[in-house]
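S.K.: whatever this is, show me its structure:
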Amino acid sequence: MNLPMDTETAVEVADLSVMAADSAGARRPIVDGVSFTIARGEVAALIGESGSGKTTIALSLMGFARTGCRIAATRLRVGRTDVLALKRRELAAFRGRNVCYIAQSAAAAFNPARRILPQVIEGTAIHRLMSRAAAEAKAIALFHALALPDPEGIGARFPHQVSGGQLQRLLAAMALITEPELLILDEPTTALDVTTQIEVLRAFKRVVRERGVTALYVSHDLAVVAQIADRIAVLRDGRMQEAAQTSHLIAAPEHPYTASLLAAAAPTPRAAPAAAEAPVPLLDIRGLVAGYGAVRSSGLPTVPVLHNVDLSIRQGSAFGVVGESGCGKSTLARVIAGLLPPARGSIRLEGESLAGRAAARTREQLRRIQIVFQMPDVALNPARTVARIIGRPLVFYHGLSGAALRRRTAELLELVHLPTSLAARYPGELSGGQKQRVNLARALAAEPSLVLCDEVTSALDTVIGAQILDLLAELRERLGLSYLFISHDLATVRALCDEVMVLYAGRRVESGRRDTLLRRPVHPYTELLLSSVPELRPGWLEMVPPVPAARGIAAGMGGRGCPFFPRCPHGIPDLCAREPPPLRMLAKGAEIACHRSEEDLLALQSQKSATAAMPPPASVSTCRELQCP
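M.R.: Presented below is the predicted three-dimensional model:
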């Protein structure tokens, strides 16, 4: 059904509710009375925690509701289309033509068995918009606009042959090729590391502005949204709490919940308990080399990932490992846990040598090192109750059974701030934050000395992530735990860790105390990571210089010189391309791998800062306001 044309308003939502049936069959609202408009050419954002209704609202604009849910609204319009009046066949024509959707996981959106270009232009064939030749030419023009490498040739590749950031931009091209009236972006950069995220954001913003696209951006990350959205609507429990122009909402939030989201976006450092002095470190790693594939005659794997990594973790301390995707962070955790045997090097736990394979370690050694994986959905058996999941290590390591087992399970649930009533539930009945707490409780059941935390907050929204950081800090103080905390999010590392190691292409490039290393990094790569973290300030993205493309692990490990040299703004061509950088101690106590002296690097940083110093640009948004009831 077509409605009268409004030349200014592209999207109109009035009194939108989405009802779902609970376990007892009663209907309850998961979105309740939400109203807003989006002007043509405007980018509006929906912000809130997991479960706030952001994605549900976005999908309702496509006429889609999950099984068992029902959409109701006084008005739900995109362009001239009354979405709720569309029949099944009309909805099929509407989706992908009038409204297009960019999902969080581009890898899941592409067919791995087909080349990229035919998938990007498929929408033009389905909706009979243009010839194949015209569609291919338009796709290549979009590849250019989205700053993709080799725009003429990238479409001939398969999805697995491009990086995550490139695949996300290719998904944007797939959505934009039909020139939709509304583009929905649902957490499109959440799974990307900071340097990749900034380039994807830059590409999205440029294309949206140049082409006058109307967009709805769904995210839990206020700093990211501040770079692309004209206006922000804040949601909680399916209700709109506040809506305002981006710059105003960030500078002067009116609702207390908005203020709490802003606070969670920049977590403050947790107080660290005094680490006990010991004659030997809890964990000591020297000359670690590890990778994947067949072992060559040299004893090295076909694909080396870690190269001569050294680290020491003191009892009761938190040691952070940061770097881009593919730098070897998770591989390091797998080696320490005994899931991947090292090719070379030594691993010692309180001076005692650990076997490379978990199967060759003693039960006591296995108990003392536990790992918490990034994705609890994958780590927790969906066919087992919470009680059985937590109880397994209690049986294996401590031999508990009966009443003692049930009592200890309840204690562990309380320890991670979960109600004991959850013991009878299955993982599918829990929220993301609850599942991660169960994941942590299972690790704690072994009563370990060291917990390996592999991106444990990256799949969570900022509020839940901050709660998990608080919990980790509390458990560290109460139980004397030590952590190896792996993340690409420097804000979380800064909030929890005492010491930090920066990895690039499997090599340690800078390490030292958190306060000194993250306050003023010296190595150009550490500086790049910190400068790529989005700030809560509109206009920040335009002030950040382009990020040099990554080479990848294989290229970085295979070269003779410094693996960071192709991206380094301070490289010395005749030296850095030929010789591996030496390790040198800095005056502040950190250690870096670089050919340049500390004095040279600090001087070059000062020059860069002086050149880049300028006030943030004023907001130029003249968009029509979202109407918040």
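S.K.: can you list the neighbours in contact with stretch 463-479?
M.R.: Identification of contacts with stretch 463-479 by C-beta atoms under 8 Å, 6 or more residues apart in numbering yields 49-50, 220, 260-261, 264, 267, 270-273, 316, 318, 415-417, 431-433, 436-437, 440, 444, 453, 456-457, 460, 481-483, 485, 492, 495-496. Using the backbone N, CA and C atoms, a C-beta is placed for each residue, glycine as well.
S.K.: which among those count as buried?
M.R.: Taking 16 or more other C-beta atoms under 10 Å as the criterion, what is buried in the contacts of stretch 463-479 is 49, 220, 260-261, 264, 267, 270, 272, 316, 318, 415-416, 432-433, 436-437, 440, 444, 453, 456-457, 460, 481-483, 485, 492, 495-496.
S.K.: out of the residues you listed, which sit inside helices?
M.R.: 260-261, 264, 415, 432-433, 436-437, 440, 444, 492, 495-496 (DSSP state H).
S.K.: I'd like those as TSV, with distance to residue 191 and pLDDT appended.
M.R.: Conversion of these to TSV gives the following (distance: C-beta to C-beta, whole Å; pLDDT from 0 to 100):
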residue	distance to residue 191	pLDDT
260	24	88
261	20	89
264	19	81
415	30	93
432	14	78
433	18	82
436	16	89
437	21	92
440	21	94
444	27	96
492	15	85
495	21	88
496	21	91
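S.K.: can you redo those residues as a markdown table with distance to residue 406?
M.R.: Output for these, formatted as a markdown table (distance: C-beta to C-beta, whole Å):
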| residue | distance to residue 406 |
| --- | --- |
| 260 | 36 |
| 261 | 38 |
| 264 | 35 |
| 415 | 15 |
| 432 | 26 |
| 433 | 24 |
| 436 | 23 |
| 437 | 19 |
| 440 | 19 |
| 444 | 16 |
| 492 | 34 |
| 495 | 35 |
| 496 | 32 |
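S.K.: how about those residues, which pair is most distant?
M.R.: Across these, the longest distance by C-beta to C-beta is 29.0 Å; it joins 261 and 444.
S.K.: need the helix or strand of this protein with the lowest average pLDDT.
M.R.: When each helix and strand of the chain is scored by mean pLDDT, DSSP states H and E, helix 553-558 comes last, with a mean of 43.
S.K.: domain parsing for the protein?
M.R.: 1-98+182-191+212-263, 105-179, 283-497 (automatic domain parsing).
S.K.: okay, those domains in TSV with distance to residue 594 next?
M.R.: Below are these laid out as TSV (distance: least, C-beta to C-beta, whole Å):
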stretch	distance to residue 594
domain 1-98+182-191+212-263	29
domain 105-179	26
domain 283-497	16
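S.K.: pull out the buried residues from stretch 525-543.
M.R.: Neighbour-count burial for stretch 525-543 [16+ other C-beta under 10 Å]: 525-541.
S.K.: could I get it in CSV with only the CA atoms?
M.R.: Extracted C-alpha coordinates of stretch 525-543, given in CSV (Å, rounded to 0.1, in the frame of the first residue of the first chain):
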residue,chain,number,x,y,z
TYR,A,525,52.3,0.2,16.3
THR,A,526,51.1,0.7,19.9
GLU,A,527,50.6,4.4,19.0
LEU,A,528,48.5,3.3,16.0
LEU,A,529,46.3,1.0,18.2
LEU,A,530,45.6,3.7,20.7
SER,A,531,45.0,6.4,18.2
SER,A,532,42.4,4.1,16.4
VAL,A,533,40.1,3.8,19.5
PRO,A,534,37.0,5.9,18.7
GLU,A,535,36.4,8.8,21.0
LEU,A,536,33.1,10.0,22.3
ARG,A,537,33.2,13.1,20.2
PRO,A,538,31.5,13.9,16.8
GLY,A,539,34.0,14.7,14.2
TRP,A,540,36.8,12.6,15.7
LEU,A,541,36.8,10.3,12.6
GLU,A,542,37.6,13.1,10.2
MET,A,543,40.7,14.1,12.3
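S.K.: what mean pLDDT does it have?
M.R.: Averaged across stretch 525-543, pLDDT comes to 89.
S.K.: try stretch 578-598
M.R.: On average, stretch 578-598 scores 90.
S.K.: export it as CSV, just CAs?
M.R.: Extracted C-alpha coordinates of stretch 578-598, given in CSV (Å, rounded to 0.1, in the frame of the first residue of the first chain):
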residue,chain,number,x,y,z
ARG,A,578,66.5,-6.0,6.1
GLU,A,579,67.2,-6.5,9.8
PRO,A,580,64.9,-7.6,12.6
PRO,A,581,64.6,-4.9,15.2
PRO,A,582,66.5,-5.3,18.5
LEU,A,583,64.8,-5.2,21.9
ARG,A,584,65.6,-2.1,23.8
MET,A,585,64.7,-0.9,27.3
LEU,A,586,63.1,2.5,27.6
ALA,A,587,63.6,5.1,30.3
LYS,A,588,60.0,4.6,31.5
GLY,A,589,60.6,0.9,32.1
ALA,A,590,58.9,-0.5,29.0
GLU,A,591,60.6,-2.6,26.4
ILE,A,592,60.2,-2.2,22.6
ALA,A,593,61.4,-3.9,19.4
CYS,A,594,62.5,-1.0,17.2
HIS,A,595,65.6,0.2,15.3
ARG,A,596,65.0,3.8,16.3
SER,A,597,66.1,5.2,19.6
GLU,A,598,63.6,6.3,22.3
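S.K.: got a list of contacts for that stretch?
M.R.: Stretch 578-598 has contacts (C-beta under 8 Å, 6+ apart) with 507-513, 516-517, 520, 522-524, 560-562, 570, 572, 575-576, 601, 604.
S.K.: try it again at 7 Å.
M.R.: The contact list for stretch 578-598, computed with C-beta atoms under 7 Å, 6 or more residues apart in numbering, reads 507-513, 516-517, 522-523, 560-562, 570, 572, 575-576, 601.
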